[in-house]
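*Asks:* Quick check, what structure comes out for this input:
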Amino acid sequence: MTLDEIQTKLEAAIEGATVTMQGDGCNCSTLVVSPTFEGMGLLARQRMVLAAVRTEIDSGELHALSIKARTPEEVA
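*Replies:* Modelled structure (predicted):
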């Protein structure tokens, strides 16, 4: 799975998300910025991001994903 494919999947799954990816496709990190995260705790945010790529993680296609999930205000 390429970084572009992961990015596209995350942007489609999380409303209003801007996604930045780094890594090699199997082990990667992401910064997901979305107003959807307003009022959510860090764990709930990470669960939302992981849910978008659960199939790929379960199949082993995506081995590891380090997640930073922020609101637009938190990155401003």
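*Asks:* where are the low-confidence patches of the protein?
*Replies:* For the chain, the stretches with pLDDT under 70 are 25-26.
*Asks:* List the contacts of the residue of it most remote from its centre.
*Replies:* Distance from the C-alpha centroid of the chain peaks at Ala76, with 18.7 Å (CA atoms, centre = their mean). Counting by CB atoms under 8 Å, 6 or more residues apart in numbering, Ala76 makes contact with nothing. (Each C-beta comes from the backbone N, C-alpha and C, glycine too.)
*Asks:* Geometrically speaking, which residue is the centre of this structure?
*Replies:* Note: the chain centre (CA atoms, centre = their mean) maps to Val49, 4.3 Å.
*Asks:* Name the secondary structure element that contains it.
*Replies:* Per DSSP states H and E, Val49 falls inside helix 42-52.
*Asks:* I'd guessed Pro72 sits against Pro35; true?
*Replies:* Yes. In terms of CB atoms under 8 Å, Pro72 counts as a neighbour of Pro35; the distance is 6.0 Å.
*Asks:* Any chance of the backbone angles for the residue nearest to Asn27 when sequence neighbours are not counted?
*Replies:* Leaving aside its sequence neighbours, Asn27 sits nearest to Ala64 (CB to CB, 6 or more residues apart in numbering; 4.5 Å). Main-chain torsions, Ala64, degrees, to the nearest 10: phi -150, psi 140.
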